[in-house]
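>>> Okay, predicted coordinates and the sequence, questions at the end:
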Amino acid sequence: MLNNINEDYIIVSTTGKTSRELFELREKHGESHERDFLVVGSMGHVSSIALGIALNKKDRSIYVFDGDGSFIMHMGSVAVNGQAKIENFRHIVFNNGSHESVGGQPTVGQVINITDIARACGYDVTYSVGNEEELEKAIKDIAGYKGKVLLEIKIKNGSRVDLGRPTISLKKMKDDFMERINR
């Protein structure tokens, strides 16, 4: 998926396994972490943090990696995001129907219609995908879109039991990220 995102992007990733997987993916490919802000310990706040960055870095594509539990937890931020006057906001919700990072408790993520909620709150375009082919097409479609986009990716519950944690201090990652976005 990251291969289909344009060059000058920023990722703000939700707490838990989503950020851990992003970190591992970067390590596996020998990539820098300076494009990524991992929102550790702040479940539900990722899209608000990303909105602040999007408002201040209008020339950059801002990708929000969110989970369905996080999305639902602070749904009021979706309304604020939808009303913001921005063209660079790509909100991606990985929907597995559970709070997997904190024990696997079920959410209502696969019962409610996340894309309808986003549209009702003012997002310009929404997508919901359930397979790799649909995902690849949607990522390409949203890469150059000017506006607020929500992409729901319906995924299976479950992750590797040996999923690692970031091996770089959060302070160093934040400092590298801040240096990158201020260039």
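Noted; the coordinates are in hand. Numbering: from 1, shown residues only.
>>> Bridge partners for residue 61, pull those for me.
For residue 61, the beta-bridge partners under DSSP bridges are residue 9.
>>> Taking the centroid of this structure, which residue is nearest it?
Centrality entry for the chain: nearest residue to the mean C-alpha point is residue 65, 1.1 Å, by CA atoms, centre = their mean.
>>> List phi and psi for it.
Torsion angles at residue 65 (phi, psi; degrees, to the nearest 10) stand at phi -100, psi 110.
>>> for residue 154, same thing?
phi -80, psi 120.
>>> I'd assumed residue 129 was in contact with it.
Yes. Under the criterion of CB atoms under 8 Å, residue 154 is in contact with residue 129, at a separation of 7.0 Å. Placement of C-beta: from N, CA and C, glycine included.
>>> what about residue 145, neighbour count?
15 (other CB atoms under 10 Å).
>>> Doesn't it belong to a strand?
No. The assignment for residue 145 is coil, going by DSSP: H, G, I helix; E, B strand; the rest coil, so no strand is present there.
>>> Which neighbours in the sheet does the lowest-mean-pLDDT helix or strand in the chain have, and how are they oriented?
The weakest-scoring helix or strand in the chain, judged by mean pLDDT, DSSP states H and E, is strand 105-106 (a mean of 82). If you go by DSSP bridges, strand 105-106 pairs up with strand 98-99 (antiparallel).
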